[in-house]
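Asks: here is my input, please return the structure:
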Amino acid sequence: MALFARPLLTILVGLVAMASAASAEVRLIMFDRHGCHYCQKWKAEIGPIYPKTSEGRIAPLTILDMDRKAPSEMKLTSRPSLSPTFVLLDGNVEVARIEGYPGEEMFWWMMDGLIARLPADKQRDPGA
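Replies: Below is the predicted model:
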């Protein structure tokens, strides 16, 4: 039994480390609603380029249906009520949000403000 204890312990420690690394991820969640004109506009204007930007590399995008319950592990300040709502998460904790889509230029300006609220080490573009 002791022969297997050390390898098993090593595997468990690795799994715990991977799980905590995943929960420490910065993500942008877009709460979308079917038929939302502003959601479609964002997807047309920003969606294709977002992953190629420093903001997209710092906070990769996940799109969730706002009419469904948010995953229980997400610690949101409140349930999104406007579509789209963009929530910046550090781990599973809300840092800040943008409610609605104010147009391309204003979105980028507001997104920079959200990222500025992250700890300094998480504001760096990992692709730079």
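Asks: show me where pLDDT drops low in the protein?
Replies: 1-24 (pLDDT under 70).
Asks: who's in contact with the spatially most central residue of it?
Replies: What sits nearest the mean C-alpha location of the chain, by C-alpha atoms, centre = their mean, is residue 27, with 1.8 Å. By C-beta atoms under 8 Å, 6 or more residues apart in numbering, residue 27 lies in contact with 59, 60, 61, 62, 88, 89. Backbone N, C-alpha and C define where each C-beta goes, glycine included.
Asks: among those residues, which are in strands?
Replies: Using DSSP state E, the members of the contacts of residue 27 that fall within strands are 61, 62, 88, 89.
Asks: quick check: beta-bridge partners of the first one?
Replies: Under the criterion DSSP bridges, residue 61 forms beta bridges with residue 28.
Asks: what number of residues lie near it?
Replies: For residue 61, the count of nearby residues is 15 (other C-beta atoms under 10 Å).
Asks: how about the closest residue to residue 74 other than its chain neighbours, phi and psi?
Replies: Distance criterion C-beta to C-beta, 6 or more residues apart in numbering; nearest residue to residue 74, sequence neighbours excluded, is residue 92 at 5.2 Å. The phi/psi pair for residue 92 (degrees, to the nearest 10) reads phi -110, psi 20.
Asks: ok so, going back, just among the contacts of residue 27, which is most surrounded?
Replies: residue 59 (26 neighbours).
Asks: please report the distance of the closest residue to it other than its chain neighbours from residue 120.
Replies: Distance criterion C-beta to C-beta, 6+ apart; nearest residue to residue 59, sequence neighbours excluded, is residue 28 at 4.1 Å. The gap separating residue 28 from residue 120 is 18 Å, by C-beta to C-beta, to the nearest Å.
Asks: one more: residue 85?
Replies: Taking C-beta to C-beta, one finds residue 85 at 26 Å from residue 120.
Asks: who's more crowded, these two?
Replies: Just comparing residue 85 and residue 120: by other C-beta under 10 Å the higher neighbour count belongs to residue 85, 23 against 7.
Asks: quick one, helices of this protein?
Replies: Secondary structure of the chain (DSSP state H): helices at 2-23, 37-45, 54-58, 104-115.
Asks: still on that earlier bit, export the contacts of residue 27 to TSV and tack on distance to residue 53?
Replies: Formatted as TSV, the contacts of residue 27 follow (distance: C-beta to C-beta, whole Å):
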residue	distance to residue 53
59	10
60	11
61	10
62	16
88	14
89	18
